[in-house]
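Q: Please work out how this folds:
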Amino acid sequence: MADSTSPPTMEIHQEPPKLVAREERIVGGFGGEKPGDDGAQAVADKVKSQVLQQAGGNSGDASEFVVEKYKTQVVAGTNYHMKIRSGKDNYLHVKIYEPLPHTKEQPRVTEVQSNKRAEDAL
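A: Residues are numbered from 1 along each chain as shown. Here you go, the predicted model:
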């Protein structure tokens, strides 16, 4: 017979922890690839003349200069690695360094690879 002075027992059911997908990051490395957006396009537009100069005759159609994909790396500023479409079947892989805003320095191109294709890895 149950003791009437005993407190009632309760069962506690805990849900298993939910797994949340996260972007894999390498400390100090570039983040995941993202589709081009207005912010990345604005950075690319600031250095367009530098890109075309460094690409020389391999820059494609200079009237078309569209960031298709990019990655970023935060340092003392931001490094961008961009895939820029510069013509129907012509792509450039461009690395740009954008200093922190308080320096009042402009972004600068650090590398340009020309004659790339849409399927080439960034």
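Q: show me what contacts L52?
A: When contacts are counted by CB atoms under 8 Å, 6 or more residues apart in numbering, L52 is found next to 59, 62. Using the backbone N, CA and C atoms, a C-beta is placed for each residue, glycine as well.
Q: tell me the SS of it?
A: What DSSP: H, G, I helix; E, B strand; the rest coil gives for L52 is helix.
Q: What of E68?
A: For E68, the secondary structure call by three-state DSSP comes out as strand.
Q: so it makes contact with P35?
A: Yes - counting by CB atoms under 8 Å, E68 does reach P35; the two are 7.4 Å apart.
Q: Have a look at those two and say which one is more surrounded.
A: The residue with more neighbours, out of E68 and P35, is E68; 14 against 9, by other CB atoms under 10 Å.
Q: How about the contacts made by that one?
A: Under the criterion of CB under 8 Å, 6+ apart, the neighbours of E68 are 35-36, 83-85, 91, 118.
Q: Which of the helices or strands spans the residue nearest in space to the middle of the chain?
A: Centroid-nearest residue in the chain: K71, 2.6 Å away (criterion: CA atoms, centre = their mean). If you go by DSSP states H and E, K71 is part of strand 66-75.
Q: Okay, now the sheet partners of that strand, with direction.
A: For strand 66-75, sheet partners with direction are given as strand 34-35 (antiparallel), strand 77-85 (antiparallel), following DSSP bridges.
Q: What residues of the very next helix or strand once past the shortest one count as buried?
A: Beyond strand 34-35 on the C-terminal side, the first helix or strand identified by DSSP H and E is helix 38-46. Using 16 or more other CB atoms under 10 Å as the burial criterion, the residues of helix 38-46 that qualify are 40-41, 43-44.
Q: ok and helix 38-46 relative to strand 77-85, angle-wise?
A: Angle, helix 38-46 to strand 77-85, by axes from the mean of the first three to the mean of the last three CA atoms, to 10 degrees: 80 degrees.
Q: Start at 41, not 1
A: Okay, residue one is now 41; in that scheme the one you just asked about reads as helix 78-86.
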